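Peer 1: what shape does this take:
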Amino acid sequence: MIVAITEASQDALDILRDGSTFSWTTVTLLAFVFYVWVVEIERRRWDILLAGAAFFLMDVFNELVNSAIFHASDRAPLWTVTGDTSYLILIGWCIEIVFLFLVTGIIFVKQLPPDPRMRIIGIPNRGFLVLAFSIFCVAVEVFLESTGYFHWDYWWWDVPFVPLIVIFGYATFFAIAAYVYDLGSNHRKQLRIVGGMAAIDAALAIGLDHPDRRLVLQVVVEELGRDVVLDDLVLEHAEPGLGHGQLGELEGVLEPGDDHRPDDPVHRLLVEGTELAGGPLGPGDVLVEPQGGVRVELRDGEGLGRLSGGAGHADADDWKRALH
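Peer 2: Next up is the predicted model:
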């Protein structure tokens, strides 16, 4: 059975990544995008910027999946873009849509109420606004589809089955943006999410045409699941003097990742080895020699130290004298 490619898909392929369609209005639109991002950079609102990046990367994922569906079916993607465009990047993704989605996530999170617990007509505001914005965007798509420049081909991704488009076409975008935004100043976790999304998108983009696409995806998944050793080596004590604070002073503020695998040799060598060995004595360290040949080294009087065994064993009183 031969499946014929749809007319809309062929029209899109005819202008796909064709530079002859370029328009100078693209440069102006790019300047507007720059302005939106630079304003937030100036304000140092990294939470807003990372939320906007997460929104955009979610769109990239959907567009790549849309292209993959076209490759798999050899007939049509879920949605197709035709008509006048300055540059058609993917079969359902033009440069104008790219610029739109680069700022839509920022627009969305900037209007979110400061309190995530606030309710709108009895519904948590995050869920309400994610749904409202998604429905609005799908309504715009319904209009665009009626113009003949935006095409849906599959019956289950078309009117009247718009709830599926609301959920998977837009709600995921707004939901991830709200989640990243609500992480506030936890930039490390925000960067992990955004970085992970970027890696997945890159793997999918490469995998679409790479002969070893399964290997590419496997490598990326494994890398995303690996330990972040730098959490212990750098992030935990990145500021001068943090090691001299009181015990528990930084609890819950800068903590190493909890996703380390105990069997990771790099982690054992770089992290656990330094934690157990303790390093050389500093100027403020005190050496206590209790009975039994056990040596306890105190770090700047804070009670943090290491033990090294000798010929005998320390009793309970030796430990109390050493640690207090």
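
Peer 1: could you give the mean pLDDT of stretch 59-66?
Peer 2: When pLDDT is averaged along stretch 59-66, the result is 97.

Peer 1: same question for stretch 80-90.
Peer 2: Mean predicted lDDT for stretch 80-90 stands at 95.

Peer 1: stretch 188-198 too?
Peer 2: Per-residue scores along stretch 188-198 average to 97.

Peer 1: in the chain, which spans are strands?
Peer 2: Here the chain has its strands, by DSSP state E, at 79-81, 88-90, 93-94, 119-120, 123-124, 150-152, 286-288, 295-298, 305-308.

Peer 1: just list what the fourth one packs against, helices and strands only.
Peer 2: In this case it means strand 119-120. Judged by 3 or more CB pairs under 8 Å, 6 or more residues apart in numbering; DSSP states H and E, the packing partners of strand 119-120 are helix 125-147. To be clear about C-beta, it is placed using only N, CA and C from the backbone, and glycine gets the same treatment.

Peer 1: residues contacting Phe173?
Peer 2: By CB atoms under 8 Å, 6 or more residues apart in numbering, the contact set of Phe173 is 55, 58-59, 62, 101, 104-105, 134.

Peer 1: can you rerun that using 6 Å?
Peer 2: 55, 58 (CB atoms under 6 Å, 6 or more residues apart in numbering).

Peer 1: also Ala76?
Peer 2: Ala76 is in contact with 6, 9, 153, counting by CB under 6 Å, 6+ apart.

Peer 1: of these - the most surrounded one?
Peer 2: Using other CB atoms under 10 Å as the neighbour criterion, Ser9 leads the contacts of Ala76 with 22 neighbours.

Peer 1: who are the packing partners of the longest helix along the chain?
Peer 2: Scanning the chain for the longest helix, with DSSP state H as the assignment, gives helix 46-73. Contacts defined by 3 or more CB pairs under 6 Å, 6 or more residues apart in numbering; DSSP states H and E place helix 46-73 against helix 95-110, helix 172-182, helix 187-207.

Peer 1: most tightly surrounded among those?
Peer 2: Among the helices and strands packed on helix 46-73, helix 172-182 has the highest mean neighbour count (mean count of other CB atoms under 10 Å), at a mean of 22.

Peer 1: so where's the stretch 1-150 of the chain shaky on pLDDT?
Peer 2: Applying pLDDT under 70 to the stretch 1-150 of the chain flags the ranges 1-3.

Peer 1: quick check: closest non-adjacent residue to Ala177.
Peer 2: Phe55 (4.0 Å; CB to CB, 6 or more residues apart in numbering).

Peer 1: I'd say the one you found and Gly105 touch.
Peer 2: Yes: the pair Phe55 / Gly105 is scored as a contact, 2.6 Å apart, by CB atoms under 6 Å.

Peer 1: can you check which residues contact both of those two?
Peer 2: Residues touching both Phe55 and Gly105 (CB under 6 Å, 6+ apart): Ala177.

Peer 1: now do the contacts for the residue nearest to Ala177.
Peer 2: Here Phe55 is in contact with 105, 173, 177 (CB under 6 Å, 6+ apart).

Peer 1: need those in CSV with distance to His71, can you?
Peer 2: Compiled in CSV, the contacts of Phe55 are given as follows (distance: CB to CB, whole Å):
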residue, distance to His71
Gly105, 27
Phe173, 23
Ala177, 28
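
Peer 1: nearest to Leu49, of those residues?
Peer 2: Gly105 (9.4 Å; CB to CB).

Peer 1: that closest one against Ala177, yeah?
Peer 2: Yes: here Gly105 reaches Ala177: they are 4.4 Å apart, a contact under CB under 6 Å.

Peer 1: find the residues that touch each one of these two.
Peer 2: 51, 55.

Peer 1: quick one: Ala203 and Ser73, what's the gap?
Peer 2: 21 Å (CB to CB, to the nearest Å).

Peer 1: make that Ala53, sorry
Peer 2: Distance from Ala53 to Ser73, by CB to CB: 31 Å.

Peer 1: between these two, who's got more neighbours?
Peer 2: Using other CB under 10 Å, the more surrounded residue of Ala53 and Ser73 is Ala53, with 24 against 16.

Peer 1: is it true that the more buried one touches Val194?
Peer 2: Yes: assessed by CB under 6 Å, Ala53 is found in contact with Val194 at 5.1 Å.

Peer 1: quick one: average pLDDT of stretch 159-171?
Peer 2: 95.

Peer 1: CA atoms only for it - export them in PDB, please.
Peer 2: Output of stretch 159-171 as PDB, limited to C-alpha atoms (Å, rounded to 0.1, in the frame of the first residue of the first chain):
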ATOM      1  CA  VAL A 159     -11.600  19.900  15.600                       C
ATOM      2  CA  PRO A 160     -13.600  18.700  17.600                       C
ATOM      3  CA  PHE A 161     -10.800  16.800  19.500                       C
ATOM      4  CA  VAL A 162      -9.200  20.000  20.700                       C
ATOM      5  CA  PRO A 163      -8.800  18.900  24.300                       C
ATOM      6  CA  LEU A 164      -5.900  16.700  23.200                       C
ATOM      7  CA  ILE A 165      -4.300  19.800  21.500                       C
ATOM      8  CA  VAL A 166      -4.900  21.900  24.700                       C
ATOM      9  CA  ILE A 167      -3.100  19.300  26.900                       C
ATOM     10  CA  PHE A 168      -0.200  18.200  24.800                       C
ATOM     11  CA  GLY A 169       0.100  21.100  22.400                       C
ATOM     12  CA  TYR A 170       0.200  23.900  25.000                       C
ATOM     13  CA  ALA A 171      -0.500  22.900  28.600                       C
END
